[in-house]
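[1] sequence unknown, structure follows:
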């Protein structure tokens, strides 16, 4: 078809394609021998013009609406959901070609992630990193109610598990109290949500080796297993009514991993938290060589104090002498009169030099980590989008186009022309915010959902 040939030509004047569509609007839905529509053909071009993609989408949408009015017309599937002979959607071809101009296909109106699995996950990440427009459209898609509610569900589950665990465990450990039924039910429900998330992530990646290569996945799995073990232990303590002692070590490890898992969730949801977590992790890793060298230097001074024979009270053996030296490193020496030369050298090397080195390391690492944060954050967002797309067909069956949702999204609650309108605006904002909290954000207006997911980002294209 002429429209297919035109869409395959690189650098062709957009007005020629407009003319072809004006002459025969139905051609936007024509397929070639391999079941490719014009949109499929256009998305194969890495340098495709975003104006061409928008033209094809708008023309097709207009044509399908006109056909729906006709009772005899057959139902036409939008091109974004149409599979060609190879089983590929236009967005699949976009990712494969890394076509930055086709960012509209990842937006909420057209998103279809069929076939984006395995190696294409990395290509999608590279495409998102290369295009600011793709980032904006992807966040807009995640802000849709069907995806946003799942983000909130996961966030609430982590908050609930952490809060309930830290409230319930201290009385059980220290006072011999028993876990309450509602606490048991909440923790069990959170565990089911966590397990479902890991299973879905494994299915999306389609490779256990890729899944296992991520350290955070190991933390998640360890947290889930320890939480299950701790929950079983809590039930046993409840059944035996004080005849068994609580395993403090188990409770401690579970609490630490729950906090790490919670940190991971907020890292993937909010960019400011991602920056902080990435910076903290980078600093901890960069300090490992510094800590090793510092311990060696402290050991050298420990040995020097030990063989001097002048610190026999503080240094009866190597272990106690090392602890005394470490105490002097952090809090300073009490007296320089016993071994003045060694104490002064220790003050210069062990305190002044090492402290300035650690300040320099932390400062440089923090600056470098800011550059890495962007990649970590967007990789997490791509993973979240792909995981939630697993439920796409189910979620599409749930209608979020009812009048109540349209009213929430379209009504302007921010008008403040009069005192009465200011009062109504405040009341309505409080009402919808409270209702959104108990419905996982479903009743939050679009502006609030965007505000949460665009935190720390620039929305301008």
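    Thanks, I have the structure now. Treat the numbers as computed from the prediction; the structure is a model and nothing was measured.

[2] What is the neighbour count of the nearest residue to residue 8 once chain neighbours are set aside?
    Among residues not flanking residue 8 along the chain, residue 41 sits closest, at 5.0 Å (CB to CB, 6 or more residues apart in numbering). Bear in mind the C-beta positions are built from the backbone N, C-alpha and C, glycine included. Per other CB atoms under 10 Å, the neighbour tally for residue 41 reads 24.

[3] For the remainder of this discussion, apply numbering that starts at 142.
    I'll keep to 142 as the first residue from here, and by that count the last item is residue 182.

[4] Is it correct that residue 182 is in contact with residue 150?
    No - counting by CB atoms under 8 Å, residue 182 sits too far from residue 150 to count as a contact (9.7 Å).

[5] can you tell me which residue is nearest the centre of this structure?
    With distances taken as CA atoms, centre = their mean, residue 409 lies nearest the centre of the chain, 1.9 Å away.

[6] Now do the contacts for residue 185.
    Residues near residue 185 by CB atoms under 8 Å, 6 or more residues apart in numbering: 149, 234, 237, 238, 240.

[7] can you pick the most crowded of those residues?
    Going by other CB under 10 Å, residue 240 tops the contacts of residue 185 with 26 neighbours.

[8] Quick one: residues contacting the residue nearest to that residue when sequence neighbours are not counted.
    Nearest non-adjacent residue to residue 240, counting by CB to CB, 6+ apart: residue 189, 4.9 Å away. Counting by CB under 8 Å, 6+ apart, residue 189 touches 183, 240, 242, 243.

[9] Could you measure from the closest residue to residue 452 other than its chain neighbours over to residue 434?
    Distances taken as CB to CB, 6+ apart put residue 446 closest to residue 452, at 4.9 Å, once the chain neighbours are dropped. Residue 446 is 19 Å from residue 434, where distance means CB to CB, to the nearest Å.

[10] Which of the two has more residues huddled nearby?
    For the pair residue 446 and residue 434, the greater number of neighbours falls to residue 446 (25 against 12), based on other CB under 10 Å.

[11] Would you agree residue 587 is in contact with residue 284?
    Yes - using CB under 8 Å, residue 587 and residue 284 qualify as a contacting pair, with a distance of 6.9 Å.

[12] and the residue nearest to residue 240, helix, strand or coil?
    coil (DSSP: H, G, I helix; E, B strand; the rest coil).

[13] The residue nearest to residue 452: what's it in contact with?
    Neighbours of residue 446 in contact, by CB under 8 Å, 6+ apart: 452, 455, 456, 462, 465, 466, 480, 483.

[14] What separation is there between it and residue 494?
    Relative to residue 494, and taking CB to CB, residue 446 is found at 18 Å.

[15] Helix, strand or coil: sort out residue 216 for me.
    coil.

[16] measure it to residue 205 for me?
    Noted for residue 216: a distance of 9 Å to residue 205, by CB to CB.

[17] The two: which has the busier surroundings?
    residue 205 (17 against 7).

[18] Please name the nearest non-neighbouring residue to the more buried one.
    residue 217 (5.2 Å).

[19] Looking at residue 558 now. What's its pLDDT?
    If you check residue 558, the pLDDT there is 60.

[20] Give the closest residue to residue 142 in space, chain neighbours not counted.
    residue 171 (5.0 Å).

[21] correction: residue 591
    That would be residue 284: by CB to CB, 6+ apart, it lies 5.3 Å from residue 591.

[22] Residue 503 now?
    Distances taken as CB to CB, 6+ apart put residue 424 closest to residue 503, at 5.5 Å, once the chain neighbours are dropped.

[23] and the gap between residue 147 and residue 162?
    9 Å.

[24] who's in contact with the residue nearest to residue 205?
    Going by CB under 8 Å, 6+ apart, the list of residues near residue 217 reads 170, 204, 205, 208.

[25] Can you pick out the ones from those residues that are in helices?
    Per DSSP state H, helices hold the following members of those: 204, 205, 208.
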